[in-house]
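Asks: Provided below are the primary sequence and the corresponding predicted coordinates.
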Amino acid sequence: MSGTQPTPGLRAWLMTEAPASRGQARLGELFRSWLRFRRNPLAMAGLITIALLILIAAVGPWLAPHSPTAQNLDLRLLPPGTEGHWLGTDGLGRDILSRLLHGGRITLTIVIMVAVIVAPVGLLIGTVAGYAGGVIDVVLMRLTDIFLAFPRLILALALVAALGPGIENAVIAIALTTWPPYARIARAETLTIRRSDFIAAARLQGASPARIVVRQVIPLCTSSVIVRVTLDMAGIILTAAGLGFLGLGAQPPTPEWGAMVADGRKYLLDHWWVATVPGIAIFVVALGFNLLGDGLRDVLDPRGER
Amino acid sequence: MIAIEDLQVTFQAGARTVRAVRGVSLSVAPGEVFGLVGESGSGKSTVLRALSGLNPDWTGRMVVAGEDLPPGRRRPKAFHKRVQMVFQDPFASLHPRQTVDIALSEPLRIHRMTDDMDGRIERVLTDVGLDRSFRFRYPHQLSGGQRQRVAIARALILEPAILLLDEPTSALDVSVQAEILNLLRRLRAEHDLTMMLVSHNLAVVGHMCGRMAVMKEGRVVEPLSVAQLRAGTVADPYTRQLLRAAEGYDRAVAAETLDGSPGFGGGA
């Protein structure tokens, strides 16, 4: 797990105590974080898993031996290990390996879309509430509480039922139910730093509240939110799978992993692999994100530094 | 340059009302260094924070550079360009994720002084005695004294006329304290600054200031000149006590020292 070992000159350039430019200072900081991250083997395992998932999402469709939607009823429910269908076939004779490779892209899209929507929204709401205080805080936090009070899957179900099934709507539904914890984290973090001297200094420089939130508060809250996102990725995949399982996410014949598990339910007792193989894929990816999140927390948590 | 009349600051601590400052009046001439001395909780920092605009809940009258300042509202940008502050703890007053470069360019961006930003930053760093290699460092790569220099540079980069100093050396090592004080003296002379220095340390105030006011329990006990301080010709018993305490620990002094009333709970 050595990664790329920089040449001694580059390493010295990155580790210098006196960087010569903005870019060098930033790269040096990144490199130090990377060195800390690399010391954690579990986190590296998570990173490799996620890198593999991204690779599969990128090139999977070309690696797949068969079309993910080609049905062949003569070859239905073949067990894993069969020549030409290494992970077996499902109830309609579709190759499970091919569907898995195609589905990686869909799963990754859902996860990334949700993360891209949720993290900034939660961060903004939380920091604004925490920094502004007073009425704004009360209004924003009660709104957050309302969303938190609903069970996540039920609310997502209601939204998808209203918007109609499909991947985009599943993403919107999951995003709407996932942001409140981020707002809570960001607010708590903001409350601990809003009284600090460097915020007072920024106020004395004449910075507007919006500028203070964006330039001073948000940079300090991002790391915990990023960590929370990676820890939540697993949950997002499972919620997406849950919606798929209930027929409200990706629509057949789209090879989404959750939908594949749902499909295999019918044959679970006699033909275990139809549901188990995509289930294992979900498990591995969720675990990978979890490990990565744990490792990132150790690296990014300011309290862990030095 | 600065005139304060009958300043009153009251904090609401739960059900209790704390009168941190009870009718302080003082005036500071242009180019002067004025000291506020007193023990913790005497209200000296509160006066400074009210003056800087960090503490909007006060009554009385404040005039800075000929401009009447109303209480409560956010101060205009022009005020912040004119009046800057250096905080006590340089470990808390610098953003942990910002390089020196960002800390110094932020005020310039706010005040749209973006012409020759590199030049301004390098000049102000030289001014406070840091060479250019410090420009892209993070606060955790700096020592306490270096951090305080950065904080001073951040205050100076807007070219203010008035510098407020809230115990600028009390969080530093003794050896570094003198360096920072001499730096401040030099900067005052070079930039023609008016300064207001808050400290509990009579030696620091005596080194820096021409005039000072001794505060106790939110009131000015006695206005003093540095000559009076050196000669020890002080009228008020509390000032005398402070003066003797500054000479170092002495069993006799400790025995004589009045038992201060601890009923005063406001912030310093």
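Replies: Sure thing, it's come through. This structure is a prediction, so every number in the text was calculated from the model and none was measured. Numbering: from 1, shown residues only, chains lettered A, B, ... in the order given.
Asks: tell me which element the most centrally placed residue in chain A is part of?
Replies: Nearest to the mean C-alpha position of chain A, counting by CA atoms, centre = their mean, stands A:Met233 at 3.3 Å. Here A:Met233 sits within helix A:218-245, counting by DSSP states H and E.
Asks: Touching the helix or strand following that helix from outside, list them.
Replies: Once helix A:218-245 ends, the next helix or strand along the chain (criterion: DSSP H and E) is helix A:257-264. By CB atoms under 8 Å, 6 or more residues apart in numbering or on different chains, the residues outside helix A:257-264 that reach it are A:90-91, A:96, A:99-100, A:103-104, A:106-107, A:237-238, A:240-247, A:249-252, A:271, A:273-279, A:281-282. Where C-beta positions appear, they are placed from N, C-alpha and C, glycine not excepted.
Asks: Leaving out chain neighbours, which residue sits closest to B:Val24?
Replies: The shortest distance from B:Val24 to any non-neighbouring residue, by CB to CB, 6 or more residues apart in numbering or on different chains, is to B:Leu7 (4.6 Å).
Asks: Of all the residues in stretch B:178-192, which ones are buried?
Replies: Burial within stretch B:178-192, assessed by neighbour count using 16 or more other CB atoms under 10 Å in any protein chain shown, is assigned to B:Glu179, B:Ile180, B:Leu181, B:Leu183, B:Leu184, B:Leu187, B:Arg188.
Asks: ignore the last one, stretch B:119-135
Replies: Buried residues in stretch B:119-135 (16+ other CB under 10 Å): B:Arg120, B:Ile121, B:Glu122, B:Val124, B:Leu125, B:Asp127, B:Val128, B:Gly129, B:Leu130, B:Phe134, B:Arg135.
Asks: contacting residues around A:Gly164?
Replies: Taking CB under 8 Å, 6+ apart as the definition of contact, A:Gly164 has no neighbours.
Asks: I'd like the distance between it and B:Leu36.
Replies: Per CB to CB, to the nearest Å, A:Gly164 is found 68 Å from B:Leu36.
Asks: Does the helix ranked longest in chain A reach chain B?
Replies: The residue-count maximum for a helix in chain A (DSSP state H) belongs to helix A:96-132. No: remark: helix A:96-132 sits outside contact range of chain B, by CB under 8 Å from any CB of the partner chain, the gap being at least 13.6 Å.
Asks: Tell me the helix or strand right after that helix.
Replies: Using DSSP H and E, the helix or strand that follows helix A:96-132 in sequence is helix A:134-149.
Asks: pLDDT weak spots in chain B?
Replies: B:248-268 (pLDDT under 70).
Asks: now chain A
Replies: A:1-6, A:301-306.
Asks: Around chain B, which positions in it sit nearby?
Replies: Checking chain A against chain B by CB under 8 Å from any CB, the hits are A:17-22, A:24-25, A:29, A:196-198, A:200-207, A:211, A:215-216, A:219-220, A:302, A:305-306.
Asks: Buried ones among these?
Replies: Buried members of the residues of chain A next to chain B, scored by 16+ other CB under 10 Å, are A:19, A:25, A:196-198, A:200-207, A:211, A:215-216, A:220.
Asks: Give me the nearest residue to the residue in the stretch 201-306 of chain A that chain B sits nearest to, chain neighbours excluded.
Replies: Going by CB to the nearest CB, chain B is nearest to A:Gly206 of the stretch 201-306 of chain A, at 3.6 Å. Once flanking residues are discounted, A:Gly206 sits nearest to B:His80: 3.6 Å by CB to CB, 6+ apart.
Asks: Quickly find the element holding B:Pro107.
Replies: Assigned by DSSP H and E, B:Pro107 falls in helix B:100-110.
Asks: Show me what that helix is packed against.
Replies: Contacts defined by 3 or more CB pairs under 8 Å, 6 or more residues apart in numbering or on different chains; DSSP states H and E place helix B:100-110 against helix B:117-127, helix B:144-156.
Asks: Which helix or strand contains B:Leu7?
Replies: strand B:2-13.
Asks: May I have the strands that pair with that strand, each with its orientation?
Replies: Strand pairing for strand B:2-13, using DSSP bridges, gives strand B:16-28 (antiparallel), strand B:58-64 (antiparallel).
Asks: how about the first one: buried residues?
Replies: Pointing back at strand B:16-28 there. Neighbour-count burial for strand B:16-28, counted by 16+ other CB under 10 Å, picks out B:Val18, B:Arg19, B:Ala20, B:Val21, B:Val24, B:Leu26, B:Val28.
Asks: Stretch A:121-129 too?
Replies: For stretch A:121-129, using 16+ other CB under 10 Å, the buried residues are A:Val121, A:Gly122, A:Leu123, A:Leu124, A:Ile125, A:Gly126, A:Thr127, A:Val128, A:Ala129.
Asks: dump the residue contacts of the nearest residue to the first one once chain neighbours are set aside.
Replies: Going back to what we said before, that points to A:Val121. Computed as CB to CB, 6+ apart, the closest residue to A:Val121 that is not its neighbour in sequence is A:Trp179, at 4.9 Å. Contact analysis of A:Trp179 by CB under 8 Å, 6+ apart lists A:Ile117, A:Val118, A:Val121, A:Gly122, A:Ile125, A:Phe147.
Asks: Now for A:Ala238, how many residues are close by?
Replies: For residue A:238 the amino acid is Leu, not Ala. 16 (other CB atoms under 10 Å in any protein chain shown).
Asks: correction: B:Ala78
Replies: 12.
Asks: So B:Gln84 belongs to a strand, correct?
Replies: Yes: per DSSP: H, G, I helix; E, B strand; the rest coil, B:Gln84 lies within a strand segment.
Asks: Can you tell me which helices and strands the longest helix of chain A packs against?
Replies: helix A:41-63, helix A:134-149, helix A:167-193, helix A:209-212, helix A:218-245, helix A:257-264, helix A:273-300.
Asks: tell me the contacts of the residue lying closest to A:Pro255 once chain neighbours are set aside?
Replies: Distances taken as CB to CB, 6+ apart place A:Arg99 nearest to A:Pro255, at 3.7 Å, with adjacent residues excluded. When contacts are counted by CB under 8 Å, 6+ apart, A:Arg99 is found next to A:Pro68, A:Asp90, A:Pro255, A:Met260, A:Pro278.
Asks: Spatially, what comes nearest to B:Ala50 if we skip its sequence neighbours?
Replies: That would be B:Trp58: by CB to CB, 6+ apart, it lies 4.5 Å from B:Ala50.
Asks: buried sites along stretch A:218-232?
Replies: Residues of stretch A:218-232 classed as buried by neighbour count (16+ other CB under 10 Å): A:218, A:220-232.
Asks: Just give me the longest helix of chain B.
Replies: Assigned via DSSP H, chain B shows its longest helix as helix B:174-191.
Asks: Which strands and helices lie in contact with that one?
Replies: Helices and strands touching helix B:174-191, by 3+ CB pairs under 8 Å, 6+ apart, are helix B:144-156, strand B:162-166, helix B:202-208.
Asks: what's the closest of the ones you listed to chain A?
Replies: Each of the helices and strands packed on helix B:174-191 has some distance to chain A by CB to the nearest CB; the shortest is helix B:144-156, at 6.9 Å.
Asks: Any part of that closest one near chain A?
Replies: Yes: on the criterion CB under 8 Å from any CB, helix B:144-156 is in touch with chain A at B:Ala151, B:Arg154.
Asks: Quick one: distance of that helix to the chain centre.
Replies: With CA atoms, centre = their mean, to the nearest Å as the basis, helix B:144-156 stands 13 Å off its chain's centre.
Asks: now for that helix, which elements pack on it?
Replies: Helix B:144-156 packs on strand B:83-86, helix B:100-110, helix B:117-127, helix B:174-191, going by 3+ CB pairs under 8 Å, 6+ apart.
Asks: how about 6 Å then?
Replies: strand B:83-86, helix B:100-110, helix B:117-127 (3 or more CB pairs under 6 Å, 6 or more residues apart in numbering or on different chains; DSSP states H and E).
Asks: Check the offset of the first one from the chain's centre.
Replies: Put plainly, it is strand B:83-86. Computed by CA atoms, centre = their mean, the chain-centroid distance of strand B:83-86 equals 8 Å.
Asks: Format the CA atom coordinates belonging to that strand as CSV.
Replies: The C-alpha coordinates for strand B:83-86 follow below in CSV (Å, rounded to 0.1, in the frame of the first residue of the first chain):
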residue,chain,number,x,y,z
VAL,B,83,-9.9,51.1,14.1
GLN,B,84,-8.3,47.7,14.4
MET,B,85,-7.7,45.4,17.3
VAL,B,86,-5.2,42.8,18.5
